[in-house]
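*Asks:* Everything below, folded, please.
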Amino acid sequence: MHAASDQLAGLLSDAARGALEDHLAGCDSCSCLMDQLRSTVAVLGSRPEVQVPDSLRAMVADTEGERAEALTAQLPHLYALANALAANAADDLVQETLTSALADPIPTRPDRASPRP
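*Replies:* Numbers count the residues shown, from 1 in each chain. Just a heads-up that it's a prediction; the model follows:
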């Protein structure tokens with residue numbers, strides 16, 4: 001799942017993206033999940049932009065590099081999805097997701113050689 005979301009956010013290296021695409025070509029279950037994720041992102045992208053709380057934007061503001069740019073770009077979509085799932089818990093859901101994403105380095109680690117969406 002992590003590799004799939006990183007792929008959608010444009011965070012995967014060429015090697016990791018290739019490995020993910022190879023896996024998706026042979027795994028109907030993961031391929032279906034990836035299609036669903038793409039559809040969800042497209043639907044959320046077509047909705048009016050939500051106001052992301054400053055506290056969530058601040059979590060990403062001190063981060064540098066491509067990951068910060070990608071997270072900043074995806075933050076409105078992530079927040080819109082969290083609001084659609086549980087409006088009263090959206091801030092907490094996004095905060096947990098950002099905390100995890102910022103703590104985990106870009107997936108070029110050896111344990112990510114065989115990405116699983």
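*Asks:* Pull out the buried residues from whatever helix or strand residue 36 lives in.
*Replies:* Assigned by DSSP states H and E, residue 36 belongs to helix 28-46. Buried positions in helix 28-46, judged by neighbour count with 16 or more other C-beta atoms under 10 Å: 30, 34, 37, 41, 44. Using the backbone N, CA and C atoms, a C-beta is placed for each residue, glycine as well.
*Asks:* quick check, nearest of the residues you listed to residue 7?
*Replies:* The closest of these to residue 7 turns out to be residue 34 (C-beta to C-beta; 7.6 Å).
*Asks:* mind showing which ranges of the chain have poor pLDDT?
*Replies:* Counting by pLDDT under 70, the low-confidence segments of the chain come to 1-2, 44-45, 47-49, 104-117.
*Asks:* Find the pair from the buried residues of helix 28-46 with maximum spatial separation.
*Replies:* 30 and 44 (20.9 Å).
*Asks:* show me the contacts for residue 91.
*Replies:* Residue 91 sits next to 53, 55-56, 82 when contact means C-beta atoms under 8 Å, 6 or more residues apart in numbering.
*Asks:* of those, buried ones?
*Replies:* Applying 16+ other C-beta under 10 Å to those, the neighbour count classes 56, 82 as buried.
*Asks:* In helices, which of the contacts of residue 91 fall?
*Replies:* Within the contacts of residue 91, residues falling in helices by DSSP state H are 55-56, 82.
*Asks:* Can I get these in JSON lines including distance to residue 25?
*Replies:* Shown next, in JSON lines, are the ones in helices among the contacts of residue 91 (distance: C-beta to C-beta, whole Å):
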{"residue": "55", "distance to residue 25": "41"}
{"residue": "56", "distance to residue 25": "35"}
{"residue": "82", "distance to residue 25": "31"}
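*Asks:* For residue 98, state which of those residues is nearest.
*Replies:* When the ones in helices among the contacts of residue 91 are compared for distance to residue 98 (C-beta to C-beta), residue 56 wins out at 6.6 Å.
*Asks:* Can you show me the helices along the chain?
*Replies:* 2-8, 14-26, 28-46, 54-61, 66-86, 90-103.
*Asks:* Highest mean neighbour count out of these?
*Replies:* For the helices of the chain, average neighbour numbers computed from mean count of other C-beta atoms under 10 Å are highest in helix 2-8, which has a mean of 20.
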